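Novice: Please work out how this folds:
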Amino acid sequence: MIAICNVVLEPVRGKRETDATVLVEAGKIKQICTAKEADLGNYEQVIDGMGMILTPGFIDTHTHLGIDEEGIGWEGADFNETTEALTPHLRAIDGINPFDRGFFDAAEGGVTTAQVLPGSANVIGGITAIVKVKPGFILEDIIVRERAGLKMAFGENPKKYHGQQGRTPSTRMGIAGMIREQLVLAVEYLKNPSPRDLRKESLGEVLERRIPVCVHAHRADDIMTAIRIAEEFDLDLHLEHVTEGHRIVPALVKYKDRCKFSIGPTLSGRSKVELSGMSWDTYRALDEQGISFSIITDHPVVPVKQLKTSVKLAVEAGLDADTALESVTIRAAEVLGLQDQTGSIEVGKDADLVLWDKHPVKDGGTAVLTMAGGEITYQTRQPL
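Specialist: Have a look, this model is predicted:
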């Protein structure tokens, strides 16, 4: 049992509180009150927040955390099975190393939840996973959802990895055609699922809307192709990257209630053709039309610790600061379907909390304490 006292509470949605106390038991937020109202007699650890800012933990909805390990090279690159273009049966959980340095960096950056995806080399890459960021824990102790979505990729990456090897696809038509073909085969499989086929099982989950498709799409035409296929097969669509989204805002408005959007990583360089239109204006342009989204790092493309930096740069480009904070907390939770579990500071939700020396978005604050699921995962000094 942990009590965090004397903080300025930024609940994200709700009233900002000063001199607040948050009581944590069994990994959940038990009570939010003032210091005078708190009964701290039974609490094992009482943390003095010293008037600092307490926010919900940050959520990065698109990473390759622990599956594309840092500082290792090819031996830790377990995020792309490039031997074939269609691998819906693969699962991210089988490639994640929870002891990877990235988990420690994420906690230091105030990140408490992350979606981990296969890479974008394949047309269909495999099943994604959502984890709590708890460095040093085994994977089974940090899994939030082990079958969170099915990764698909449009555009340059599948063309490069397979087309240049003389394999299909070599064109954008080929990518879309392969996806349609596999979905049609899965429709038939659902009518008679015997003998068991792991690849079609994953696609069947998508067709039955038990999991979303998490689509890598940078260019405007690829974004619209993904939407077109999702409409054809009635898929739950998560559009990820959306780099040229600012070029097609009127079209995206039509789908804002049917699709979920994750933007980024805009802090990266323009390393390939489909990134040539990358702009910080994308965030403001979508927000001005009422399109909700999360902000992502695509770690390790941009180090996960720099999620806060990405948010701050979006604000400097015109995105409202409160909206920006929501985009890595409650709006990110909504993208992942976890809004009833995390993303805001409310009684009954997971104790995913970050204490900052200053406001992280408005004043560029630094995390001094991070808590994920009631476990302290990062702390700058002892005791607070």
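
Novice: Okay, strands next: where are they in the stretch 201-350 of the chain?
Specialist: Per DSSP state E, counting those that start in this stretch, the stretch 201-350 of the chain carries strands over the ranges 213-217, 237-241, 259-263, 294-295.

Novice: would Glu140 count as being in a helix?
Specialist: Yes. Counting by DSSP: H, G, I helix; E, B strand; the rest coil, Glu140 is found in a helix.

Novice: before we move on, the earlier item: nearest to His359 among the strands of the stretch 201-350 of the chain would be which one?
Specialist: The closest of these to His359 is strand 294-295. By C-beta to C-beta, the value is 16.5 Å. For every residue, glycine as well, the C-beta is placed using N, CA and C.

Novice: helices and strands around that closest one, which ones?
Specialist: Counting contacts by 3 or more C-beta pairs under 8 Å, 6 or more residues apart in numbering; DSSP states H and E, strand 294-295 packs against strand 58-63, strand 259-263, helix 307-316, helix 330-336.

Novice: hang on, the earlier thing: in a markdown table: the strands of the stretch 201-350 of the chain, plus distance to Val133 and mean neighbour count.
Specialist: Compiled in a markdown table, the strands of the stretch 201-350 of the chain are given as follows (distance: least, C-beta to C-beta, whole Å; neighbours: other C-beta atoms under 10 Å):
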| stretch | distance to Val133 | mean neighbour count |
| --- | --- | --- |
| strand 213-217 | 19 | 27 |
| strand 237-241 | 19 | 28 |
| strand 259-263 | 17 | 24 |
| strand 294-295 | 15 | 28 |
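
Novice: Redo those as JSON lines? Include mean pLDDT and distance to Lys305.
Specialist: Putting the strands of the stretch 201-350 of the chain into JSON lines (pLDDT from 0 to 100; distance: least, C-beta to C-beta, whole Å) gives the following:
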{"stretch": "strand 213-217", "mean pLDDT": "98", "distance to Lys305": "22"}
{"stretch": "strand 237-241", "mean pLDDT": "98", "distance to Lys305": "20"}
{"stretch": "strand 259-263", "mean pLDDT": "98", "distance to Lys305": "18"}
{"stretch": "strand 294-295", "mean pLDDT": "98", "distance to Lys305": "14"}
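
Novice: so which of those strands comes closest to Gly66?
Specialist: Closest to Gly66 of the strands of the stretch 201-350 of the chain is strand 213-217 (C-beta to C-beta; 17.0 Å).
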